[in-house]
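**Q** Build me a structure from this.
(chains A and B)
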Amino acid sequence: MLSDQLNQIRVVQALEAFAGAVLDGKLDRNELTLHIAPERIVEVCRFLKTGQQFVRLSGITAVDWHPMEPRFEVVYHLHSMERNERLRLTCRLDGAQPGIDSVFSVWRAADWYEREIFDLFGVTFRNHPNLIRILMPEDWVGHPLRKDFPIHGHKYSYKDG
Amino acid sequence: MNDTLATAATGSKRTMTLNMGPQHPSTHGVLRILLELDGETIVKAAPDIGFLHTGIEKECEVKTYQQVVPLTDRVDYLANLSNNLCYVLAVEKLLGMEIPQRAQWMRVMLTELTRISSHLVWLGTHAIDIGAMSVFLYCFREREDLLRIFEMFSGQRMMTSYFRVGGLALDAPRGWDKVVRKFINEFPSKVDQYENLLTANPIWMQRTKGVGHVALEDLIDIGVTGPMIRAAGMPWDIRKSEPYSSYEQFQFHVPTQKESDVFARYLVRVAEMRESANIVVQALDGMPEGPWQADAPHVVLPEREKMKTQMESLIYHFKIITEGFSVPAGQVYQAIEAPRGELGYYVVSDGTAKPYRVHMRTPSFGNLMAMPHMLEGRLLADSIASLGSLDFVLGDVDR
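**A** Alright, predicted model coming up:
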């Protein structure tokens, strides 16, 4: 359940229409973080964009909490120029086959950020139009930003290496 | 090679695929673009990035918080002080730290000089791409003065690492104000020189006016920030909307244009150089006296003299050097207005002396996403001007 302090916030009140979508929330160092159920991320984002003026997706990134489960945390940074507000949405995903729906249909800005997470963390984004590696070479094996990927790399990380 | 991109770019029989880069001079670094051409018209543009990926974000996770500062220089190597600033602000936010006024003003002054220096490189290379050779020479003349100023402050021309968690690395050197004032007094007349060469120049106008137009709604949706979005009429500047490091105490305008073409972006960036010069003058006139580091002995290194004479300081010095300082658990996102747009550092701490995760939301990465939109359906000859107006740095894109 969300605390009373959080329930005072306009965005949180607006999101009450989506029962069960907001799992948790935190207001820390003046930054609002809402923990969203992964299967509902697209509808929540679409609502925030069209109904709550969060027209900008500032970026998407991920955090690997290995060996904790659920292992991956996908982090969305939303921004509203009109309200001069920022909002962080997070979704926790299982380590076995991490996957979540793409928000490309909401913001085109999601394109490269989702590809980057796919590349570096190995999280799949369903319905992404072109989900291929972006920074690492195409025949690279592994996902470098995962915590179990050694900092010095593997000796042979290319397919034909 | 990248087969997926290649198949995406190969279409009907009439089109031809042209490989631009990764060593093309006008891509300003190692960017590869697969262009599908129908005669002179670009049908599809598929950027291929990652040639400069060095895994800086991964590297951050094995360094202590202070050791990450030099890594941030290497992200956007033309605006290193902006990257230093954004990172230290994020860590200071995690620590809940108050920074003395003098350090804040110094940071403002130096990041504005960085903005000028970054815009000078942009203007010079952009003009040389389009064929105006001499502007480049003038811009680099002034940039050289700026690099000397950075060297005077930090000992380094480019990889400054001058801002540290808790303040500055060193106090400002003796005589700094005379050097900065001499430069900034002359600088507006230098900008006039560039404008004399370009602004009313018929060739420049023909090559840039109406070229590379993208509608404001598209720019926002694609995630473009900075001068690009201001040249489309959106007066959004993080220094105004979410002031950091005492920007609320400075008076400046946010230049905008409506046309959203290459020429409008040029006008906005030139006007920004003048505004930055204006901010530097204000910082020079009102520079507060006092300490340049926060009073936080567990984070900030003690003075050298105290370290040699006092037990307490020696212990702090030893602890900070050997194991760093621990930062309370939590996550913050700090955004600043870098020369290219919104620069954001997302730092996650697990309570230890090393960051658990550092993500850099770099402006070049977001801006480059608009490139296919800007090129497709347009003439090949205009692509160079359009690319130049994006002002990306590949180190900033690939990290």
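
**Q** per-residue pLDDT, A:Lys155?
**A** The confidence metric pLDDT takes the value 68 at A:Lys155.

**Q** same question, B:Ser241
**A** If you check B:Ser241, the pLDDT there is 91.

**Q** Could you check how many residues crowd around it?
**A** Neighbour count for B:Ser241, taken as other CB atoms under 10 Å in any protein chain shown: 14. Using the backbone N, CA and C atoms, a C-beta is placed for each residue, glycine as well.

**Q** For it, give me its contacts.
**A** Applying CB atoms under 8 Å, 6 or more residues apart in numbering or on different chains to B:Ser241 gives the contacts A:81, A:84.

**Q** just the helices in the stretch 151-300 of chain B please.
**A** Here the stretch 151-300 of chain B has its helices, by DSSP state H, counting those that start in this stretch, at B:176-198, B:202-208, B:216-222, B:227-230, B:238-241, B:262-286.

**Q** Among the ones you listed, which comes closest to B:Tyr356?
**A** Closest of those to B:Tyr356 is helix B:238-241, at 25.3 Å (criterion: CB to CB).

**Q** Flag every buried residue along the closest one.
**A** Of all the residues in helix B:238-241, those buried under the rule 16 or more other CB atoms under 10 Å in any protein chain shown are B:238-240.

**Q** can you give me how far it is from the chain middle?
**A** With CA atoms, centre = their mean, to the nearest Å as the basis, helix B:238-241 stands 16 Å off its chain's centre.

**Q** cool, stretch B:202-219 as well?
**A** Its chain's average C-alpha position is 22 Å from that of stretch B:202-219, according to CA atoms, centre = their mean.

**Q** what's the answer for stretch B:80-97, then?
**A** Distance of stretch B:80-97 from the chain centroid (CA atoms, centre = their mean) equals 15 Å.

**Q** returning to what we had before: okay, the helices of the stretch 151-300 of chain B, which one's buried deepest?
**A** For those, ranked by mean neighbour count under the definition mean count of other CB atoms under 10 Å in any protein chain shown, the leader is helix B:227-230 at a mean of 28.

**Q** The helix or strand hosting B:Ser117 packs against which elements?
**A** Using DSSP states H and E, B:Ser117 maps to helix B:101-130. In terms of contacts (3 or more CB pairs under 8 Å, 6 or more residues apart in numbering or on different chains; DSSP states H and E), helix B:101-130 is packed against helix B:80-95, helix B:133-154, strand B:167-168, helix B:176-198, helix B:202-208, helix B:262-286, helix B:380-390.

**Q** Is B:Gly21 in contact with B:Leu35, as I believe?
**A** No - using CB atoms under 8 Å, B:Gly21 is not in contact with B:Leu35; the gap is 9.9 Å.

**Q** Now the common contact residues for the two.
**A** By CB under 8 Å, 6+ apart, no residue touches both B:Gly21 and B:Leu35.

**Q** Next, count neighbours for whichever residue of chain B sits closest to chain A.
**A** At 3.0 Å from chain A, B:Gly223 is the closest residue in chain B, using CB to the nearest CB. Residues contacting B:Gly223 under the criterion other CB under 10 Å number 29.

**Q** May I have the beta-bridge partners of A:Val22?
**A** Here A:Val22 sits in beta bridges with A:Ile36, as judged by DSSP bridges.

**Q** Show me where chain A dips below the pLDDT cut-off.
**A** A:1, A:155-161 (pLDDT under 70).

**Q** Show me the residue of chain A that gets nearest to chain B, please.
**A** Of all residues in chain A, A:Ala109 sits closest to chain B, at 3.0 Å by CB to the nearest CB.

**Q** which residues touch that residue?
**A** Contacts of A:Ala109 were listed using CB under 8 Å, 6+ apart, and they are A:56-57, A:59, B:221-223, B:366, B:369.

**Q** of all these, which two lie farthest apart?
**A** A:Gly59 and B:Asp221 (14.0 Å).

**Q** Now do the contacts for the most centrally placed residue in chain A.
**A** Among the residues of chain A, the one closest to the centroid is A:Val74, at 2.9 Å (CA atoms, centre = their mean). Contact analysis of A:Val74 by CB under 8 Å, 6+ apart lists A:38, A:60-62, A:90-91, A:93, A:100, A:117, A:123.

**Q** Just flag the most distant two among these.
**A** A:Pro38 and A:Thr61 (15.5 Å).

**Q** the more surrounded of those two?
**A** A:Thr61 (25 against 19).

**Q** just checking, the more buried one touches A:Val75?
**A** Yes - if you go by CB under 8 Å, A:Thr61 and A:Val75 touch, sitting 5.1 Å apart.

**Q** Now list whatever residues contact both of the two.
**A** B:346, B:359.
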